[in-house]
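1. with the input below, show me the fold.
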Amino acid sequence: MTFKQLGIISPILKALEAEGYTHPTPIQEQAIPILLGGKDLLGCAQTGTGKTAAFAIPILQQLFLAREQNSGRRKIKVLVVTPTRELAIQIADSFTTYGRFTGITNTVVFGGVKQGAQTNALRAGVDVLIATPGRLLDLIGQGYISLKDVEYSVLDEADRMLDMGFINDIRKIIAKLPEKRQSLFFSATMPPEIVRLSREILGNPEKVSVTPEQTTAEKVEQTLYYVSKKSKPKLLVHLLNPIANDSVLIFSRTKYGADKIAKFLGKASIKAEVIHGNKSQGARQRALGNFKSGKSNVLVATDIAARGIDIEELSLVVNFDLPNIPETYVHRIGRTGRAGLSGVAISFCDTEERPFLRDIQKLIEQKIEVIEEHPFLVDEIEATTTTKVSTNFKHHKPENKGVLEKVTRQGNNNRHAGRHRNFSRRY
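-> Predicted coordinates:
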């Protein structure tokens, strides 16, 4: 199947070909015909599957065809709501790339920066608006944005919206949209709360689901270290020193924890960038840019900030803290092993996190391999007298050798891998 066979018009095909893309990803192949047919869509898809292009391409096509019949000042016809600034910028870049030969304009609005440049763009008129909820409602309240002409609405990363407490903001935004519109709803996971929210937004949608959680987990080599909470930083340094030149993404459950991890690594002469919600937009963009360009090899992030991270050649993911939501674990380890590459994920587990581990293994239907011998295992044993280290897992000896060799080998393989990927896996 090619994009041409999907019925994509020549201006968009030209943009896709300029990027070297000819074949759609599974979600694009499924979603594009549905959206071109004017139906609502409920999509369950993780970042990295090509879902942004799956909705951007058909929306651009329908706007372009409608524009040939209409003229006049540009009004907002498309609203895309997403939880983070990084994702908003990424989506705007996608619309710009795929719509470069259509004349369709877009702008992005988000908080954390002065609104002047954003309001100037809005005054000039735009076709597509990509926004985070807070700034969107703020500018609506100030009279800079009207949603009465919106024909296409997209709610992206809905589960993360819920986690971030945006549910009331989303309901306020939906209430301001015209009843007659095409609605798209995307979420990486579908817990009951998300299903209920989708029913409020969508009519009788078509459903598309790709990359089940179990598939993602199966293609990433996972290992586990039992370690006390106080010894986690020391174990992290112990593991990172032998692979200093490989790209490593470290997940912290909290913003404060992310800062502490980076500070500890800095004392051990390991430079680490940090991104989380308390960082300014400029600081987050610089940190992410340095990591993507290779100026720094270690990035510490919270889950919310990490939704804007998209790096194909990532050697290792480290779960410094196990997440309390098992689907979040799958999202984290899915940051490695992307675009056809294999990946490696390491998790630390202290006594309090044992219930989280059980939930994760139940979801992925796998037992994560335990590294039984490491210098800080004794600390974990001393930290608890009631929880015994499972002997049902595989054990890996000698100490750490296999895992570190795997990470180093993966880093080398990824750096030498061919650059041609299936279309738009980075969006």
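2. walk me through the domains of the protein.
-> What automatic domain parsing lists as the domains of the chain is 10-211, 214-415.
3. and the biggest helix by length in the chain, how far from the chain's centre?
-> Secondary structure of the chain per DSSP state H: the longest helix is helix 51-67. When C-alpha coordinates are averaged (CA atoms, centre = their mean, to the nearest Å), helix 51-67 and its chain have centres 21 Å apart.
4. let me have the domains of the chain in JSON lines, extended by mean neighbour count, mean pLDDT and distance to residue 4.
-> From N, CA and C alone the C-beta is placed, and that goes for glycine too. Converted to JSON lines, the domains of the chain look like this (neighbours: other CB atoms under 10 Å; pLDDT from 0 to 100; distance: least, CB to CB, whole Å):
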{"stretch": "domain 10-211", "mean neighbour count": "19", "mean pLDDT": "90", "distance to residue 4": "6"}
{"stretch": "domain 214-415", "mean neighbour count": "18", "mean pLDDT": "78", "distance to residue 4": "23"}
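5. of the ones you listed, which is nearest residue 2?
-> Of all those, domain 10-211 sits nearest to residue 2, with 5.4 Å by CB to CB.
6. returning to that earlier point: which elements pack onto the longest helix of the chain?
-> Using 3 or more CB pairs under 8 Å, 6 or more residues apart in numbering; DSSP states H and E as the contact criterion, the elements in contact with helix 51-67 are helix 10-18, helix 26-36, strand 41-44, strand 78-81, helix 85-98, strand 152-155, strand 182-187.
7. at 7 Å what do you get?
-> Of the remaining helices and strands, those touching helix 51-67 by 3 or more CB pairs under 7 Å, 6 or more residues apart in numbering; DSSP states H and E are helix 10-18, helix 26-36, helix 85-98.
8. nearest to residue 1, of the domains of the chain?
-> Put simply, out of the domains of the chain the one that sits nearest residue 1 is domain 10-211, at 5.4 Å, with distance taken as CB to CB.
9. for that closest one, what is the distance to the chain centroid?
-> 16 Å.
10. got JSON lines for the helices and strands packed on helix 51-67, with distance to residue 44 too?
-> Output for these, formatted as JSON lines (distance: least, CB to CB, whole Å):
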{"stretch": "helix 10-18", "distance to residue 44": "25"}
{"stretch": "helix 26-36", "distance to residue 44": "9"}
{"stretch": "helix 85-98", "distance to residue 44": "17"}
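11. right, and the ones you listed - which one's nearest residue 232?
-> Proximity to residue 232, assessed across the helices and strands packed on helix 51-67 by CB to CB, is greatest for helix 85-98 (26.3 Å).
12. list the neighbouring strands of the next helix or strand after that closest one plus their orientation.
-> Read in the C-terminal direction, the helix or strand following helix 85-98 is strand 106-109, with elements assigned using DSSP states H and E. Taking DSSP bridges as the criterion, strand 106-109 pairs within the sheet with strand 128-131 (parallel).
13. give the contact list for residue 55.
-> With contact taken as CB atoms under 7 Å, 6 or more residues apart in numbering, residue 55 is in contact with 31, 35, 154, 184.
14. now the two most distant members of those.
-> In terms of CB to CB, the contacts of residue 55 reach their longest pairwise distance at 31 and 154, which sit 11.4 Å apart.
15. from residue 106, how far out is residue 82?
-> 13 Å (CB to CB, to the nearest Å).
16. give me the common contacts of these two.
-> In the contact map built from CB under 7 Å, 6+ apart, the residues linked to both residue 82 and residue 106 are residue 130.
17. returning to that earlier point: what is the nearest of the contacts of residue 55 to residue 330?
-> residue 31 (21.1 Å).
18. the closest one and residue 52 touch, don't they?
-> No: with the criterion set as CB atoms under 7 Å, residue 31 and residue 52 do not qualify as a contacting pair; they are 10.9 Å apart.
19. name the nearest residue to residue 14, sequence neighbours excluded.
-> residue 101 (5.2 Å; CB to CB, 6 or more residues apart in numbering).
20. so who does the one you found touch?
-> For residue 101, the set of contacting residues under the criterion of CB under 7 Å, 6+ apart consists of 11, 14, 15.
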